[in-house]
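Colleague: Here is my input, please return the structure:
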Amino acid sequence: MLQWIETLNADILSGLVKGAALLLFLILSQGIIAFLKFRLRRRFAYDTKDLSNMEEIQEASLSYFRRRQILDVFRAVLLLLVFFAGVLFYNIQAFSFLALALGAVVINQKENINSVIAYFYLLSNYNVGDDIGTMGSLGEIVRISLFHTILAGKEADGEYSGARITIPNYQFLLNTTEQRDLKADTHRQVVMRVVYTKEMYPVAFDEFLKRMDAYLHELLPKRTLTQVGRYRGFAGAHYKINFDYNEAGTIVVVISFVSRPRDITKRKEGIVMFLEGLKEKAEKTEAEHEQ
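Modeller: Predicted structure coming up:
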């Protein structure tokens, strides 16, 4: 009896020592990770305080969030290792009890469990910095944690909306997710619709198209396959043009081209100024006829 009590005490003491060691390891490792995150935030603030160029700011931000994501993944792996090590350190009765307890937790925390499963799916399919659209939200992935993913909200033109979007990971298993290219240095397709009437422009429609074609060839460069991003249909073309009638029976000319974001405004301005110049000629011609 005494020997059994001594053995039991030894087992309890051994379990306490192992448990204390695991707890100490967990506290130290999480403390180190928290310290590294703090240093990372300080470094990011210092590196970006004098930046004004959007592309440089975006590059620095992506670098920061990717390094932070590595620390988050490391933290998750450590938590799982400590959990399984704790299971292995104890006897089969303790494991059976733990299995029953986990079963109850799974029933009550189904969404969180599914989010943890989805976490590894997200890590294997997406990276911090990817632009995605899901559940009616559009944004850039800045963090993938065990239970949720955080997006920096964006508008369709790639500008940040200022929104911080938090999506439970399990939702990515239930909803379609679309990858988008909304970075400042990626190519985007621009579509402009121009209404044509004889009253607005001083030339016939075929002459209008001829002048538009000449101007667009001068304004927009011919692009190679490496200069169109995902818009491969624009390779070898300056632009694309199409036209049709709208509901009012008026001709609508659709101009589309591929450009980097920093050049879009300048090129759209050029097209608008060209069209407004044609309108002014029409107004001038009409005034001369009236005289």
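
Colleague: Could you use CA atoms for every contact and neighbour count after this?
Modeller: OK.

Colleague: for Asp131, which residues make a bridge with it?
Modeller: Note on Asp131: beta-bridge partners by DSSP bridges are Glu140, Arg180.

Colleague: And the strands in the stretch 101-250 of the chain?
Modeller: Counting by DSSP state E, counting those that start in this stretch, one finds strands in the stretch 101-250 of the chain at the ranges 131-134, 137-144, 148-154, 160-168, 177-180, 188-196, 240-245.

Colleague: among those strands, which is nearest Asn125?
Modeller: Using CA to CA as the measure, strand 177-180 is the one of the strands of the stretch 101-250 of the chain that comes nearest Asn125, at 10.5 Å.

Colleague: Show me the contact partners of the closest one.
Modeller: 130-135 (CA atoms under 8 Å, 6 or more residues apart in numbering).

Colleague: do stretch 73-86 as well
Modeller: 19, 22, 26, 29-30, 33, 145-146.

Colleague: for the record, mean pLDDT for that stretch?
Modeller: Computed over stretch 73-86, the mean pLDDT rounds to 75.

Colleague: how about that stretch as CSV, C-alpha atoms only?
Modeller: Provided in CSV are the C-alpha atoms of stretch 73-86 (Å, rounded to 0.1, in the frame of the first residue of the first chain):
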residue,chain,number,x,y,z
VAL,A,73,1.9,30.8,-38.0
PHE,A,74,4.9,30.0,-35.7
ARG,A,75,2.7,30.8,-32.7
ALA,A,76,-0.1,28.5,-34.0
VAL,A,77,2.4,25.6,-34.6
LEU,A,78,3.8,26.0,-31.0
LEU,A,79,0.3,25.9,-29.5
LEU,A,80,-0.5,22.7,-31.4
LEU,A,81,2.8,21.1,-30.4
VAL,A,82,2.3,22.0,-26.7
PHE,A,83,-1.2,20.5,-26.9
PHE,A,84,-0.1,17.2,-28.4
ALA,A,85,2.9,17.0,-26.1
GLY,A,86,0.6,17.5,-23.1
